[in-house]
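**Q** Compute the structure for the input listed below.
(chains A and B)
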Amino acid sequence: MLFNSFDFGVFLIIVYLLYWSVGVSRRTAQNVILLIASYVFYGLWDWRFLSLIVASSLIDFSAAKAIFNSNNGHKRKLFLWISILFNLGVLIVFKYYNFFVDSFTELFSLPSSSEGFMIWDVIIPVGLSFYTFQTMSYTIDVYRKRIKATNNLVEFLCFVSFFPQLVAGPIERAGKLLPQFQKVRKFDVQNSKEGLRQILWGLFKKMLVADNVAVVVNAIYASPEDYGSLSLLYASALFFFQIYCDFSGYSDIAIGTAKLFGFRLSKNFNIPYLSRTVSEFWQRWHITLTKWFTDYVYGPLIKNSKRNYLIKTLALFVTMTLIGLWHGANWTFVAFGVFQAVTISIERIPIRYGNRQFSLITYLSKIPLSLTIIYSFTLIMTSCIFFRSDSIGTAIAIIKRILSFIPSENFSFVIGMKILIIPILIITEVSTRFKAYPLEGLEKKIARPLRWLLYYTIIFALIRYAGPKEQFIYFQF
Amino acid sequence: MQDQKSSSSIFSFKNGPFGFFKQALVFFVPVLLIFALAELMILQIPFNYTITSDYFKNHHDEIEILALGPSQTNSAINPKYLSNPAISLASTAQHHGLDFNILKQTRDRLPNLKYVILELSYSHLELPHNSDNFWKNAVYLKYYNVNAFGRNTYFKDKLIYLSNPDIYSKKLIDHYFIGIKEPNYNKYGFNESDFEGSFKSLDYNETSISKIHNFRINTTTDIDLFTKNTQFLFEMLDYCKSEKLNVVVCTMPLYKTYLKKRNPDILRRRDSILQIISVKYDNLRLFNKETDTVNFSASDFINQNHLNPKGAEKFSKALNLLINREFNN
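**A** Below you'll find the model as predicted:
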């Protein structure tokens, strides 16, 4: 059930009415409704994988309780490792096993399939990387004594499977989301209005920008050898906007939907194309994932050597490679991560000049924003070529073709005037950059008739000019 | 402040969850009305699906020939030139997956069906089948009562305007506001005025046509897809055999510039399948006109890979001869 489908609209109305009809004082009943709704939502993708999410939840619930109730360091560590190994095991089995086998057999020229390692014909459960990371962080946080383990199974199951953010985030921490299931949710009309507005803005980004831009990107990336430099450059730049609007559109719909039920989810994007540096980009892009890796991978790796550039760089490479791999079991994602690591580590190189020490980041922060945006966008777009290509070979071939200035015989805008949606998006977002999303708090500025006219215009544009319906890209991760 | 001011208006609602819900409903009423109006208006426009659907409903007991396939088949087969009662349910971007759905789900309604016309164009086996969410599934459901969604369907799945608002909005504007007349469909739903295209705009001048390089042609190979689609084709042909249906597998005429651009690997694989099926199935005949540049010239084409009604007449008559010669003896 896609967020941009009629089915989801009907589902949302039913859940909303049921949820609020039980009354705010019956919090447990509301949680049960949310839990059933979340499992129905997930089961409609593939009911077989419901058992996996339930198993994952139960193991982490029990492990965290055991950790919390024990004072024995070894026992606590044992339960932590049980939780981590189970979660990583599920990820490896469903997501990475075939990739590792393929890479291993290819590296050592070993036979695959029946003569050697078996390749499993297995589907990756939707949203696996998201909810696995969410449950893992819960156990780790309990182990670190940052939060208390909950004794309420329903609340915990809700935390793991909350349907607005179940399949593609934002990746929430137990410290923020779990308490929201533990307290009374009062209906706030203003918050609900904001929720609907944010959903509308998310649909705008997904259906009008991402899905339209996908037409160009898919056509050009299907046979890049048929296109010249300009076309490939155009498609690569558009892919950045496709993936941004696809994923941030999803996040907006998720956050808006959660607001309708009285929940607050974390902000996941902050106009990433305004980044001055690649380092800053990761503070604006998929923020909850970056924070997750910073807290649970990068942080522990540099724990005792915060000033050592070399150690920090090594930790950065490990973290960014894992972030790349998190996106998918393919060497292109590894290359994507490594590319980011290389650029960030270069940006961070400490340069001594006299008594002063600075880095490229400090230098870039002093030159005009327009120039630094060109710098960061070029690098990010290049890394996106790896992200979008089927193989590293294809990505390198595309980069070579772009740099060879091959004339673009076939160049056209493909989607015609619809391309104007990109400048409209940029102008809207930049002019409202201090808001969580452009339509936030609109009633303070515009009277209701004009406001409704604006909403109707957006809805009309969504219906009339939406691109061909594409699955959300991040569902596959 | 403005919300408080309007608290006595028709937009005043209690600030509870149900008041908010009612307000949202009021907001969406105009949107729903516009949808309903658009749906009603689009249903009033006569287009090929409605005509074909009417023909199907009125003649399903007589139909002996069923033509399936993509736009190339749709533009190449005019049932009027076939001596046995025939219908073409071929349409744009219709791959074997949909063909098989249509065949299986109309089989019971076509008691006299004897022949199935299928298409195996040069790259058909290396193109993905339509997905379960293909927008035209609504058309198949509404007009042919064929469920291609791969799931249970409900009211919304039959809404034509919503299935592709982009295309149908253009159609609404063309029909009601610009006043563009609908094409001249015959009783089978075949568009007999469909000459407009790049070739006509160049006055069928071969020199000018040879300078067009940016036409669409698939040259990307996909072995996995080829294997999967070939397997699917065999399943479809096995079904025809089990249903005692004769099959004609056609390749439609292509213009010479298109022929030159074909990927030899894709072509070789497709040709090998043509050879295999012609040997494997005794109820099957090939009608390979892909490289027939003698009988089909520029003036028979709309563009590089679609015949116009003049070309369709030639093709359909030749197909009719083949059916009569091979099966009717």
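**Q** Report pLDDT for residue B:17.
**A** Listed pLDDT for residue B:17 reads 84.
**Q** Against residue B:210, how distant is it?
**A** 67 Å (Cβ to Cβ, to the nearest Å). C-beta: built from backbone N, CA, C; applies to glycine.
**Q** which of the two has more neighbours?
**A** Higher neighbour count among residue B:17 and residue B:210: residue B:17, with 21 against 14, using other Cβ atoms under 10 Å in any protein chain shown.
**Q** The more buried one against residue A:185, yeah?
**A** No. Counting by Cβ atoms under 8 Å, residue B:17 does not reach residue A:185; the two are 10.4 Å apart.
**Q** which stretches of the stretch 301-450 of chain A aren't confidently modelled?
**A** Filtered on pLDDT under 70, the stretch 301-450 of chain A yields the residue ranges A:306, A:409-416.
**Q** Most distant residue from the centre of chain A?
**A** residue A:354 (42.4 Å; Cα atoms, centre = their mean).
**Q** which residues of the stretch 101-250 of chain B fall in strands?
**A** Secondary structure of the stretch 101-250 of chain B (DSSP state E, counting those that start in this stretch): strands at B:115-119, B:246-251.
**Q** can I get those in TSV with distance to residue A:371, mean neighbour count and mean pLDDT?
**A** Output for those, formatted as TSV (distance: least, Cβ to Cβ, whole Å; neighbours: other Cβ atoms under 10 Å in any protein chain shown; pLDDT from 0 to 100):
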stretch	distance to residue A:371	mean neighbour count	mean pLDDT
strand B:115-119	55	25	95
strand B:246-251	56	22	96
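**Q** For the ones you listed, give me CSV that also has distance to chain A.
**A** What follows is the strands of the stretch 101-250 of chain B, written out as CSV (distance: least, Cβ to the nearest Cβ, whole Å):
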stretch, distance to chain A
strand B:115-119, 22
strand B:246-251, 23
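**Q** Would you mind giving the secondary structure of residue 24?
**A** Here I'm looking at chain A. When classified by DSSP: H, G, I helix; E, B strand; the rest coil, residue A:24 comes out as coil.
**Q** Actually, chain B is the one I wanted.
**A** helix.
**Q** Looks like it contacts residue A:199 (just checking).
**A** No. Using Cβ under 8 Å, residue B:24 is not in contact with residue A:199, being 11.0 Å away.
**Q** Tell me which of these two has more neighbours.
**A** Neighbour count, other Cβ under 10 Å: between residue B:24 and residue A:199, residue A:199 has more, with 25 against 16.
**Q** which ones are touching the more buried one?
**A** A:252, A:253, A:256, A:257 (Cβ atoms under 8 Å, 6 or more residues apart in numbering or on different chains).
**Q** give me that answer again for 10 Å
**A** A:3-4, A:9, A:12, A:164, A:249, A:252-257, A:259-260, A:439 (Cβ atoms under 10 Å, 6 or more residues apart in numbering or on different chains).
**Q** which of these lies closest to residue B:72?
**A** residue A:4 (32.2 Å; Cβ to Cβ).
**Q** What about chain B: which of the contacts of residue A:199 touch it?
**A** By Cβ under 10 Å from any Cβ of the partner chain, the members of those lying near chain B are A:9, A:260.
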